[in-house]
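*Asks:* what's the 3D shape of this:
(chains A and B)
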Amino acid sequence: MAVQLSLVWFACKNLKRRRLRTLLTLGGIAMAIGAFVALVGFSRSFEHEWLRIYESGGTDIAVVQKTFLNTSVDESGVAKLTALSTVARATPMIFNMMDLTPEINALVYGWKADSFEFDALTMKSGRRFRDGQPELILGDLLASNLNKTVGDTLTIEGSSFKITGVFHGGSALETGAAILPLDQLQQLSSLQGKATAFHVRLRPVPARESPEHYLQTAQAQIEAALPGLRAVPAAERASSNQLVVMAHAVAWGTSSIALLMGILGIANTMAMSVFERTREIGILRALGWKRWRILLLIEFEATALAFVGGIFGIALGWGALHVLSTLPQTATIVSADFPPMLFLESLGVALLVGLAAGAIPACRGARLSPVEALRHD
Amino acid sequence: MTNPILEVRDLQKSYDQGQIEALRGVSLSILAGEYVAISGPSGSGKSTLLQLLGGLDVPTRGQVLFRNSILGSSIGLDTYRSQHVGFIFQAFHLMPTLRAIENVQVPMLGVAASAKDRAAHAEALLCEMGLEHRMSQYPNQLSAGERQRVAIARALANNPAILLADEPTGNLDSVNSARIMEMLTGIQSKRGMTLIVVTHENEIANSAPRHIRIRDGRIESDGRSSHASERPRA
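*Replies:* This next block holds a predicted model:
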């Protein structure tokens, strides 16, 4: 059967013509998309783990300061919360990021010994801590990273704490965390009587009331009872958490720079290619190719580069997330899960990068006059 | 052969803001199915005239009419080039990344036909050019004569009414030149196409049924040969 020519095949042959340049461009775009996948995947994973903390602990609402001040909520407000008709249980808590050793940085929580959030934890060994005692429990991942077990002592910022238990948590953030009695963490941080938030578990939704309406009623009740504080649904709290917001901002900011470099790489390749093929473009115009077909050919070449580079980049980014999920420093906040949405989003970004990068060279090629292009050396 | 397929009215073309006048008021009429040779010294304007006849460029003044439609206004230049004109260049201008059969399919990519039909048509054209064993070769694997035959097949891809050849034998030896001209005139007479050849070779120009001489951007002479039925020889 005779060899058939299509626009796609023609574009692919043009890319094959300068193999080294095509490969280098593919490498550049793969790095850019890889960085995007790894960074955005990292921040999404971080958000997801936060959400799992609330979900597994049975927290429906987090009550936090309206301002950006952390750990400035008056602990005594918990009594007003438990008196509300919609609230089943409420507990004050602190969370902080602390250096446990020069190498290991982990989330440290301050909980009351009777907090309902213990329901989500499985004690693998030992027991819970007691309020008022210099004791703590460790997530199994953190215990393994610190090489500590029940009965050992852990020194945090000059104070010694006895490890009374090792637990497995519902979230990677918890399995890599340490939990202390609330009063001990307040003392350690010189924040007596203060909390980061109240975690609230609501009573079951009454019959004939929608869960959304019930949640809104509870939020209104809480905010009326505790002026100056904000009642945030758990899902929203996970995404609006300052650490998560910061992680998202850093991820998008850094990957935008990487993507810009990728765009410049492809644009440079395509501009060079159009310049070198000026006469060929003139021939195509002489053979009756319309401007839009020339534009389509060049845009297709740019997008094909970005697509193939994007596939390699996604594999690269996925690999990076896998590595991060196994490293002691990052395993607590990164899971190896790769949501299909991130794959589609990354591929979409890669295609947009290709289209953007090809636009100017394609317009330049399409605007060439056939006679001038044929004269080009 | 009575209807004019191309008419040129007071055609002028200047470059560099009028400092260089390539054509200075050329008027002529070419009949459908006619074979015309255009000759003249270098810089006389013969290639510029061919470019304007082929819709590759637009005149500074004057008009080119294809079947009574003004090029660039009544009929789009892209449409004219893709559907009604086939170009043959001195330097062949084949796509180096494509095989011979793929090169012939290039003009057909904009035509509403299936890929299979395009390929079959390209195959038939290459067979007609005697290149049935060279279809899968790349241009750099073909001889100069073979390349020009591929270029002729490409020019015929969309079955144009007019074939425009700019120095088609300029890069060929005498044997291949004769063969190419024989092929072109054979195609012209067999298909009833209009063939316009720009050449600086007197033998080719004089053997054409109609020979237009251009000098300094004007028509110096426009005559019909007494041996119009003879095939030209290089």
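*Asks:* Identify the residues contacting residue A:129.
*Replies:* Going by C-beta atoms under 8 Å, 6 or more residues apart in numbering or on different chains, residue A:129 touches A:113, A:135-137, A:164-165, A:179-181. Using the backbone N, CA and C atoms, a C-beta is placed for each residue, glycine as well.
*Asks:* whoops, residue B:161 was the one
*Replies:* Contacts of residue B:161 (C-beta under 8 Å, 6+ apart): B:5, B:32, B:84-85, B:193-194.
*Asks:* so can I have CSV of those residues showing secondary structure, distance to residue B:120 and pLDDT?
*Replies:* Output for the contacts of residue B:161, formatted as CSV (DSSP: H, G, I helix; E, B strand; the rest coil; distance: C-beta to C-beta, whole Å; pLDDT from 0 to 100):
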residue, secondary structure, distance to residue B:120, pLDDT
B:5, strand, 28, 95
B:32, coil, 28, 93
B:84, coil, 23, 95
B:85, strand, 23, 95
B:193, coil, 21, 94
B:194, strand, 26, 96
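*Asks:* Mind picking the one among the residues you listed that's closest to residue A:213?
*Replies:* Distance ranking of the contacts of residue B:161 against residue A:213, using C-beta to C-beta, places residue B:84 first at 71.5 Å.
*Asks:* Now the residue of chain B found nearest chain A. Nearest residue, chain neighbours left out?
*Replies:* As assessed by C-beta to the nearest C-beta, chain A sits closest to residue B:82 within chain B, at 2.4 Å. In space, and not counting its chain neighbours, residue B:82 is closest to residue A:288: 2.4 Å by C-beta to C-beta, 6 or more residues apart in numbering or on different chains.
*Asks:* so that neighbour makes contact with residue B:81?
*Replies:* Yes - between residue A:288 and residue B:81 there is a contact under C-beta atoms under 8 Å: 4.1 Å.
*Asks:* These two: which is more packed in?
*Replies:* More crowded of residue A:288 and residue B:81, by other C-beta atoms under 10 Å in any protein chain shown: residue A:288, with 29 against 26.
*Asks:* What about the nearest residue to residue A:56 once chain neighbours are set aside, how many residues nearby?
*Replies:* Excluding its sequence neighbours, the residue lying closest to residue A:56 (C-beta to C-beta, 6+ apart) is residue A:170, at 2.6 Å. Counted with other C-beta under 10 Å, the neighbours of residue A:170 add up to 20.
*Asks:* dump the residue contacts of residue 86.
*Replies:* I'll assume chain A. So residue A:86 contacts A:202-203, A:214, A:217-218, A:221 (C-beta under 8 Å, 6+ apart).
*Asks:* Not quite, go with chain B.
*Replies:* B:107, B:154-158, B:160, B:162-164 are the contacts of residue B:86 under C-beta under 8 Å, 6+ apart.
*Asks:* Same question for residue A:341.
*Replies:* Neighbours of residue A:341 in contact, by C-beta under 8 Å, 6+ apart: none.
*Asks:* part of a helix, is it?
*Replies:* Yes - judged by DSSP: H, G, I helix; E, B strand; the rest coil, residue A:341 forms part of a helix.
*Asks:* Scan chain A for its longest helix.
*Replies:* helix A:19-57 (DSSP state H).
*Asks:* mind listing the strands for chain B?
*Replies:* B:4-15, B:20-31, B:35-39, B:61-66, B:69-70, B:85-88, B:162-166, B:194-199, B:210-215, B:218-224 (DSSP state E).
*Asks:* And the stretch 201-350 of chain A, by the same measure?
*Replies:* Ranges of strands in the stretch 201-350 of chain A, per DSSP state E, counting those that start in this stretch, are A:229-233.
*Asks:* what is the orientation angle of the next helix or strand after the longest helix of chain A with helix A:19-57?
*Replies:* Downstream of helix A:19-57, the first helix or strand assigned by DSSP states H and E is strand A:61-65. Here the directions of strand A:61-65 and helix A:19-57 differ by 100 degrees (axes from the mean of the first three to the mean of the last three C-alpha atoms, to 10 degrees).
*Asks:* Show me the one of the strands of chain B that comes nearest residue A:344.
*Replies:* Nearest of the strands of chain B (C-beta to C-beta): strand B:85-88, 45.2 Å.
*Asks:* quick one on the thing from earlier: among the contacts of residue A:129, find me the one that's closest to residue A:251.
*Replies:* Of the contacts of residue A:129, the one sitting nearest to residue A:251 (C-beta to C-beta) turns out to be residue A:179, at 27.8 Å.
*Asks:* Could you measure from residue B:98 over to residue B:156?
*Replies:* 17 Å (C-beta to C-beta, to the nearest Å).
*Asks:* Let me see the contact set for residue A:7.
*Replies:* Contact analysis of residue A:7 by C-beta under 8 Å, 6+ apart lists A:293, A:296-297, A:300, B:109.
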